[in-house]
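Asks: Provide a 3D model corresponding to the input given below.
(chains A and B)
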Amino acid sequence: MAEATVKPWGETTIVGKPIPRIDAYERVSGKAVFPADVILPNMLYAATLRCPHPNATVKKIDVGKAREMPGVHAVLTDADPEARAVGWYSPPAGATQMMSRLFDPHCRYEGEEVAAVAAETQQQAWDAVRAIQVEYQTQPFVTGMEEAMKPGAPLVHSGSNQVAAPREIKRGDVAKGFAEADVVLEETYRTSCEIQAPLETHGSVARWDGDHLTVWDTNQGPFGIQSGIAKALNMPLSKVRVISSYMGGGFGSKQEAGKYSVIAALLAQKAGRPVRLFLTREETFLCVGNRQSHIMKLKAGVKKDGTLTALELTGLGEIGAYPSNASVGYQIGDLYKCPNVHTQELMAYINAGRQRAMRAPGYPQCNWALEQMMDALAEKIGMDPIELRLKNISTVCQLENKPYTSTGLRECLTEGARVFGWKEARSRPKADGPWLRGVGVAGGMFGEQFGPPATAIVRLNADGSVDLNIGAADLGTGTKTVMAMVVAEELGVPLDRIYVENADTGTTPYSRVSGGSKTVFGDSPAVRSAALEVKARLLEMAAEDLKVPQSDLVFKDGAVLSKGGKKLTLADLVQPRTRQMVVGVGRRDPDLVDKIVRPFATHFAEVEVNTRTGEMRVLRMLAAQDSGRVMNLLTYRNQVQGGVLMGVGFATMERRILDSTTGKMVNANLHDYKIPTAKDVPGEVTVLPIDPHDTECSLTGAKGIGEPSTIPTGAAIANAFYNATGIRVTTAPITRAQILTLLAERKAKG
Amino acid sequence: MKTPKIEPPSPAALSRRNFFGSVASGAAEAAILTLPVEAAQPAAAPAAQPAAGPVAGGDLVPAVLNVNGQTHSLSVEPRWTLQHVLHDRLGLTGTKSGCERGECGACTVLIDGAARYSCLTLALEAVGTEITTIEGLMHGEQLGSVQKAFVEEDAVQCGYCTPGQVVSVEALLRKTPQPTAEQIREGVSGNLCRCGTYNHIFRAAQRAAELRKAGR
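Replies: Numbering: from 1, shown residues only, chains lettered A, B, ... in the order given. Model prediction:
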């Protein structure tokens, strides 16, 4: 398909409409089989023994008693050569040797894997794990990044607790910028460590058929999991099939192969029976990722007219016991026009579970700092916070020095303010008894959107119905529905005649992991392209059949129309009828080389704060989102509301608590680690799509929405809190305890 | 912030304990709560017969469960939760496991018409009750009223918490056919949704009330 000739959609008939998802039936009836629901004949259940210490070496391990426990069929430890051969945790850039192995005797965080057991029942597996006797030699540990960076701190790895070289963005001359400024402010902001906590815990069911392995795994994209398992077990991709058509949430934490998949596979091999290994909720709090806590020192300069002159960030992120990417600086370098920027970011090892991506990794943290700083600058120069942001909008990606295909940030700010009633809300009286009320705003962007490759296959059946085959997982974002809508739009086939097969390495084509807000952006163009290919093939065959030039034919509503107005369905055409199927394969174009695609957002919050009890209520939120074309208004709204609520969690309640005396997490459960419930939903959440009619960003005009929808929520709430109380909360989350402390401090100061 | 939904077992359920003869409910509960290593050989189950069927090992006792109007005669370990038995033994996989300690609500079922966490209910405790799972809200292959409303309002994202949410709304509407917004929030406050679909769930609950009023 010559994609250069494909025109962007103008008005659409299906795409963009609020349409219930095509697999809603499966999801509401209980019929959808999630990986955790896979129960195979003859299947065993597994459990993992985890190190209870933050830093310890396994001196001796005795599995004799466990082996004799009722129902036990296999025990796996570092003494097994097949386990010992599995390296784990890639080293920082520059090094090659894996940093650990499946059951490494040196456990560097609470929850690191020590042994595993497979038994007839889950309960027996847990019993057997408890019967394993381990002699640990405990070692000094460090649980906070600031302590970790001090000289003489216990080392997580030999050498230094600093992970690799600092990350840096440098543009212009910040010293010069600060000298030019009328106002310079400096503040240190902190955010807390969050846990992704998807409702379906991480896990796999593994089954061998000779040397072929099938793994039902809950993940955000089966191909990355497949390659991870294949690499760990030294197998060809063709021998490893990973299936994840339904999955119960990931939020970034299910993008990579887990040790549990490999352990399940090895236990299954040992026992000669399928094995199910799903983590308990407590385990997921310790060892399958988190959003790292961050300390950000931010200095900013602005002129009286609102022109930003310099931004300087010094950041430190807490990465856990093994390397990962905990950079936050992107928005400092790109959200607002600023000639002089310098960021310097360090990451520290600590003795705790390793960071993994969590919905816009690094973005809510940086946004917490930058957008509160913008609020403070605006106040200092006596300018409305929206005006200040409007003053500094860039149409060029300053980090790449290339124009954006579109930026809807200006409209997010202005339209958002209008719909929210910003001016009125801002000037309304603040106090009502002990309650103080305030409104705040924050802008934001997402800068690391994934894109190609992606391949899609559209099969037009003899009766005019369609099978769509895509590799992407549907995380609950409505991927399958949106992709079917693209086919329906292009081929005129009704949605109820389209079946979508997805996320199975054995049956679907390659797609990248559903992370980096990439699925609609990366895969929907491939789907459209495949549908166009079907059209083209069909017209070609029809022209041959009818012996007329192709230019006399058009494709409309699933059929070919001749110049004379005759409608020819698939069954009326000889070649398609003979073949019984027309197949189109579509690929995602490479990313643009001369332009940059970025989604933008602005969130507005109204809160009230009780000065006696410290209670804060988020009364309403408005999320103005520029993610390009809205593909399905219903699922879009749902997803954005979810992003906002996750932002509410970040801003008001979520926090991993590590006890510095034991090195253990003390709130590793959903009771003590708070995530938003139905009662924490703001009274009103308005979703305002801003469509810049971007015809360049992709073949479907869509940018990503999953992550941008959660980025500015926290800062908008913090700014609203400031507007209500006059108190700047620099540490997230804004808990009631913190509010009471801040109020008391202010009172003491008079 | 979460409203615990755990109510004491009904007197009727307690009286059915006699069925188990010498199986002490206290011992069974202690086993599940503390999970000692010794639990592999539960002390109290002298009346149990060795298992026939797929389960080897462990001491099993008979249990008759009434699920979705069907009677199931089973052999269970006293420490098995109702969630485990429904999901893994009866294959009713709509009843999800999310935390196994009564925090998330993914395992919510109806016991005698009221919403309960099946992970905090031992299978033996549920003997003599009427258990309804998400599958029991269907009419053959047709969706029930709450399920229809969930589809219409897109009260679903990943779908893992959805069966529990649907069952909680069902329980709410059976008790309060025309709930207020506040009652709806309260009604689903024991069910966590990490995707944050709550707003659409609220709307679906309202819509389901309308559908039921109209007799659909």
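Asks: so whatever residue of the stretch 101-250 of chain A ends up closest to chain B: helix, strand or coil?
Replies: In the stretch 101-250 of chain A, the residue that lies nearest chain B is residue A:248 (3.0 Å; CB to the nearest CB). Heads up, the C-betas are built off the backbone N, CA and C, glycines and all. Put simply, residue A:248 is coil when judged by DSSP: H, G, I helix; E, B strand; the rest coil.
Asks: any idea of the mean pLDDT for stretch A:251-261?
Replies: Across stretch A:251-261, the average pLDDT comes to 97.
Asks: check contacts around the residue nearest the centre of chain A.
Replies: Centroid check for chain A by CA atoms, centre = their mean gives residue A:359 as the closest residue, at 3.3 Å. Listed by CB atoms under 8 Å, 6 or more residues apart in numbering or on different chains, the contact set of residue A:359 reads A:196, A:251, A:252, A:291, A:643, A:646, A:706, A:707, A:710.
Asks: widest-spaced pair of those residues?
Replies: The span of the contacts of residue A:359, defined through CB to CB, is set by A:291 and A:706 at 14.7 Å.
Asks: what's the burial count for whatever residue of chain B ends up closest to chain A?
Replies: The nearest approach of chain B to chain A comes at residue B:94, 2.2 Å away (CB to the nearest CB). Residue B:94: 26 surrounding residues under other CB atoms under 10 Å in any protein chain shown.
Asks: with residue A:37 instead?
Replies: 24.
Asks: what's the longest helix in the chain?
Replies: No chain specified, so I'll use chain A. For chain A, the longest helix by residue count, based on DSSP state H, is helix A:524-546.
Asks: actually, chain B is the one I wanted.
Replies: Using DSSP H, we find that the single longest helix of chain B is helix B:198-213.
Asks: that one and chain A in contact?
Replies: Yes: using CB under 8 Å from any CB of the partner chain, helix B:198-213 reaches chain A at B:198, B:199, B:200, B:201, B:202.
Asks: okay but residue A:28 is in contact with residue B:167, surely?
Replies: No: applying CB atoms under 8 Å, one finds residue A:28 not in contact with residue B:167, separated by 11.0 Å.
Asks: so after the longest helix of chain A, what's the next helix or strand?
Replies: With elements assigned by DSSP states H and E, the helix or strand that comes after helix A:524-546 is strand A:554-556.
Asks: quick one: list the elements packing against that next one.
Replies: Applying 3 or more CB pairs under 8 Å, 6 or more residues apart in numbering or on different chains; DSSP states H and E, one finds that strand A:554-556 makes contact with helix A:524-546, strand A:559-561.
Asks: circling back to that earlier point, so the residue of chain B closest to chain A sits against residue A:30, correct?
Replies: Yes: at 2.2 Å, residue B:94 counts as touching residue A:30 under the criterion of CB under 8 Å.
Asks: what touches both of the two?
Replies: Joint contacts of residue B:94 and residue A:30 (CB under 8 Å, 6+ apart) are B:133, B:134, B:135, B:163.
Asks: with secondary structure, pLDDT and neighbour count as new columns, can those residues be given to me in JSON lines?
Replies: Converted to JSON lines, the shared contacts of residue B:94 and residue A:30 look like this (DSSP: H, G, I helix; E, B strand; the rest coil; pLDDT from 0 to 100; neighbours: other CB atoms under 10 Å in any protein chain shown):
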{"residue": "B:133", "secondary structure": "coil", "pLDDT": "98", "neighbour count": "26"}
{"residue": "B:134", "secondary structure": "helix", "pLDDT": "98", "neighbour count": "30"}
{"residue": "B:135", "secondary structure": "helix", "pLDDT": "98", "neighbour count": "19"}
{"residue": "B:163", "secondary structure": "helix", "pLDDT": "98", "neighbour count": "30"}
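Asks: regarding the residue nearest to the spatial centre of chain B, which helix or strand does it belong to?
Replies: Centroid-nearest residue in chain B, with CA atoms, centre = their mean: residue B:109, separated by 2.9 Å. According to DSSP H and E, residue B:109 maps onto strand B:108-111.
Asks: can you list contacts of that strand?
Replies: With contacts defined as CB under 8 Å, 6+ apart, strand B:108-111 is touched by B:5, B:82, B:86, B:95, B:115-118, B:121, B:126, B:129-134, B:136, B:163-165, B:167-168, B:170-171, B:190-191.
Asks: check stretch B:132-150 too.
Replies: By CB under 8 Å, 6+ apart, stretch B:132-150 touches A:24-25, A:28-30, B:67-69, B:86, B:92, B:94-95, B:109-110, B:113, B:151, B:155-156, B:162-163, B:165-167, B:169-170, B:173, B:201, B:204-205, B:207-208, B:211-212, B:216.
Asks: so how far is that stretch off the chain centroid?
Replies: Stretch B:132-150 has its C-alpha centroid displaced from the chain centroid by 15 Å (CA atoms, centre = their mean, to the nearest Å).
Asks: quick revisit: show the contacting residues for the residue of chain B closest to chain A.
Replies: Contacts of residue B:94 (CB under 8 Å, 6+ apart): A:29, A:30, A:31, B:133, B:134, B:135, B:163.
Asks: alright, I will stop here.
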